[in-house]
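K.L.:
pasting the sequence and the predicted model now:
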Amino acid sequence: MRLSKFHLHTTKETPADAELVSHQLMMRAGMIRKLAAGLYTWSPLGLRVLRKVENVVREEMNRAGAVELLLPTIQPRELWEESGRWEKFGAQLLKIKDRKQADYCYSPTAEEAITDYARQELGSYKQLPVNFYQIQTKFRDEIRPRFGVMRAREFLMKDAYSFHLTDADLVREYENMKAAYTRVFTRLGLEFRAVQADSGAIGGDASQEFHVIADSGEDALAFSTGSDYAANVEAAVAAEPAPRAAASEALRKIDTPTQKTCEDVAALMGIALQRTVKSVAVVGEDGVFVLALVRGDHAVNEIKLGKVAGLAGYRLANEGEIAEHLGSEPGFLGPLNPRKPIRIVADREVAAMADFVVGANEAGFHLAGVNWGRDLAEPDTVADIRNVVAGDRAADGGEIRIARGIEVGHVFQLGRKYAESLKASVLDENGKAATPSMGCYGIGVSRIVAAAIEQNHDAAGIVWPAPMAPWEAVVCVINPKNDANVAAASESLLAELLDAGVDAVLDDRGLRPGAMFADMELIGIPHRIVVSERGLAAGTFEYRARNAAEAENLDKAALLSRLG
Ligand code: ATP
Ligand code: MG
Ligand code: MG
Ligand code: MG
């Protein structure tokens with residue numbers, strides 16, 4: 001591949017709507033272009049990365065014994081009526097009419113379609129277990145699409161669905177998929193964590209999420225330093241039988257001045273605290289509040305907050321209501337930094353504070369003001385809060401810590417819900433009809449691209465983990481038009497790299513070195529080799545790894561062994 005014949009189009013400008021560094025860099029590198037809200041074109045460069053991720057996912061799914069198929073994206077209303085999700089799925093489900101006015105939806109997930117396939121295809125226990133998967137476009141009419149392909153409306157998902165005669169066999173495949181996911185994210189070179197999850201709209205029993213760890217992540221994860229316990233805060237709260245009572249109790253105990261992070265308080269109260277939340281709060285009937293409030297239009301996950309509110313019997317309140325309850329003026333709430341320590345203070349001090357988060361209960365308001373200067377609180381009360389987060393699941397001598405994550409994968413044990421409602425059955429060993437048990441397993445293929453950048457970038461641009469780089473190596477040709485020797489040496493080096501199995505590209509665009517190198521750093525190519533007249537005269541190539549501070553001069557043998 002020659003860049004002179006490829007469409008590479010980098011830009012210096014950062015679009016105004018791009019808040020996250022991954023969105024900015026994907027735009028500047030020219031990997032994606034916006035068509036409309038939540039709809040992105042993948043450029044030739046972006047597509048190379050997307051395909052690499054897709055292939056790693058495909059290889060590991062195949063290796064784990066899953067079989068690939070492809071379901072339609074447009075699906076009839078009748079099918080979704082059978083599962084009850086035509087109504088239940090909510091506004092994320094894009095509904096479409098055809099020319100005969102028949103109703104369809106664009107698949108946001110495919111339990112119905114795969115169960116329809118299964119009820120036609122699977123007749124005997126001998127065909128089980130089986131795990132079907134596809135890598136297919138999904139559409140969800142997200143309430144606020146943002147962060148580029150991170151939360152898009154149209155996106156690429158790997159979704160797999162397994163069918164089993166027994167629940168024990170479902171559990172076996174669930175573990176098999178977790179192992180496959182672990183291989184996928186390890187191979188992609190990402191720092192990730194598997195956590196207990198809320199099963200959300202899809203329903204079902206056991207469920208875990210895989211998160212790429214990043215400060216910009218929308219989810220708060222609680223994990224123990226002393227045991228394997230790790231959960232999405234959403235799930236930690238959902239699993240807590242009486243979250244309001246427990247939270248009130250914990251708040252009561254911390255009425256002396258002490259410090260927490262905003263995340264601690266949010267976790268305590270059972271909301272996934274987002275970086276930037278627009279005038280929302282959760283209010284319990286007993287007067288317990290938590291606000292997670294920041295100016296601006298960014299990141300509350302309204303759906304999650306709504307879900308938690310529903311679950312715990314909380315409702316959403318606006319800033320005015322809270323101000324009234326506190327006897328303060330509306331507008332008194334300032335910006336919130338989720339990572340700064342906060343101080344729990346007494347009621348009326350609040351009016352004097354510009355920045356705070358908060359908790360209040362009927363025994364007196366306990367407002368958590370942001371205290372920029374001090375360290376985390378004394379262990380006892382922090383432990384109280386953390387125990388609420390962890391429920392009875394032990395921190396086991398360790399501490400419960402909070403990290404932020406980007407959900408890139410999700411595995412569920414669905415059970416028989418879909419098979420029952422769609423009347424899928426197989427004959428068991430005794431010739432009796434049996435309803436198969438199901439699992440489902442998703443990976444956000446396109447989201448992984450953005451998540452990887454959140455984790456791997458520097459001031460010059462993207463620093464791809466090699467397995468997902470658009471090319472592993474670039475051969476930069478200095479002055480190709482005027483120097484036939486350099487051009488020929490570059491071509492033959494490219495051929496040798498390709499022969500050695502290195503996914504290499506030639507930058508023969510004839511740019512000045514500075515501009516050429518800046519482009520290659522921006523698009524994150526792991527290995528850069530410069531071919532120049534001077535180097536050739538000395539019998540060397542200039543080599544620089546994307547994450548190395550210095551370049552070095554290597555002869556061809558050394559170079560090839562470095563890249564091999
Ligand atoms: P989120 O909590 O981020 O909204 P989800 O729990 O709704 O995600 P799932 O139904 O579990 O998503 O779908 C499987 C995977 O698809 C997710 O783990 C995520 O990686 C990816 N995904 C979901 N929604 C989007 C989206 N709007 N844009 C890109 N990827 C998405
Ligand atoms: Mg969602
Ligand atoms: Mg989720
Ligand atoms: Mg999920």
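P.N.:
On my side now, so go ahead. Ligands and ions are numbered 1, 2, ... in the order given.

K.L.:
L494 is in what secondary structure piece?
P.N.:
In this assignment (DSSP states H and E), L494 forms part of helix 484-499.

K.L.:
what mean pLDDT does that helix have?
P.N.:
Here helix 484-499 scores 95 as its mean pLDDT.

K.L.:
ok, stretch 411-429 next?
P.N.:
On average, the pLDDT along stretch 411-429 is 96.

K.L.:
what about that stretch, how long is it end to end?
P.N.:
From its first residue to its last, stretch 411-429 covers 29 Å (CA to CA, to the nearest Å).

K.L.:
quick one: pLDDT of A220?
P.N.:
On pLDDT, A220 comes in at 77.

K.L.:
can you show me the strands along the stretch 101-250 of the chain?
P.N.:
In the stretch 101-250 of the chain, the strands defined using DSSP state E, counting those that start in this stretch lie at 103-106, 130-139, 154-164, 192-196, 207-213, 219-224, 230-232.

K.L.:
now do the longest one: which elements does it pack against?
P.N.:
In this structure, strand 154-164 packs against helix 44-63, helix 111-121, strand 130-139, helix 167-187, strand 437-444, helix 445-455, with contacts taken as 3 or more CB pairs under 8 Å, 6 or more residues apart in numbering; DSSP states H and E. Glycine gets a C-beta too; all of them are placed from N, C-alpha and C.

K.L.:
out of those, which comes closest to E218?
P.N.:
Nearest to E218 among those is helix 445-455 (10.8 Å), distances taken as CB to CB.

K.L.:
pull out the buried positions in the helix holding L494.
P.N.:
486-487, 489-491, 493-494, 496-497 (16 or more other CB atoms under 10 Å).

K.L.:
tell me the contacts of the residue nearest to A180 when sequence neighbours are not counted?
P.N.:
Counting by CB to CB, 6 or more residues apart in numbering, the nearest residue to A180 once its immediate chain neighbours are dropped is A64, at 3.9 Å. Counting by CB atoms under 8 Å, 6 or more residues apart in numbering, A64 touches 131, 176-177, 179-180.

K.L.:
buried subset of these as a ChimeraX selection?
P.N.:
Applying 16+ other CB under 10 Å to the contacts of A64, the buried members can be selected in ChimeraX as follows:
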select :131,176,177,180
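
K.L.:
check the contacts of A64 and tell me the two furthest apart.
P.N.:
Taking CB to CB, no two of these sit farther apart than N131 and A179, at 13.0 Å.

K.L.:
ok, so what distance separates the nearest residue to N479 once chain neighbours are set aside from L20?
P.N.:
Leaving aside its sequence neighbours, N479 sits nearest to V486 (CB to CB, 6+ apart; 6.4 Å). In this view, V486 and L20 are 40 Å apart by CB to CB, to the nearest Å.

K.L.:
wait, what's in contact with the closest residue to ligand 1 within the chain?
P.N.:
Residue nearest to ligand 1 within the chain: G444 (2.2 Å; CB to the nearest ligand atom). G444 makes contact with 155-157, 407-409, 451 under the criterion CB under 8 Å, 6+ apart.

K.L.:
wouldn't E60 be in contact with R183 here?
P.N.:
Yes. Between E60 and R183 there is a contact under CB atoms under 8 Å: 5.0 Å.

K.L.:
quick one, which of the two is more surrounded?
P.N.:
More crowded of E60 and R183, by other CB atoms under 10 Å: E60, with 23 against 15.

K.L.:
the residue lying closest to G30 once chain neighbours are set aside: neighbouring residues, count only.
P.N.:
Using CB to CB, 6+ apart and skipping the chain neighbours, the partner closest in space to G30 is H9 (4.2 Å). By other CB under 10 Å, 13 other residues sit near H9.

K.L.:
how about the helix or strand containing L560: buried residues?
P.N.:
Assigned by DSSP H and E, L560 falls within helix 556-563. Across helix 556-563, burial judged by 16+ other CB under 10 Å covers 559-560, 563.

K.L.:
tell me which parts of the stretch 401-550 of the chain are close to ligand 1?
P.N.:
Counting by CB under 6 Å from any ligand atom, the positions of the stretch 401-550 of the chain adjacent to ligand 1 are 407-410, 442, 444, 446-447.

K.L.:
if you rank those by neighbours, which is first?
P.N.:
Neighbour tally across these (other CB under 10 Å): the maximum, 28 neighbours, falls on G409.
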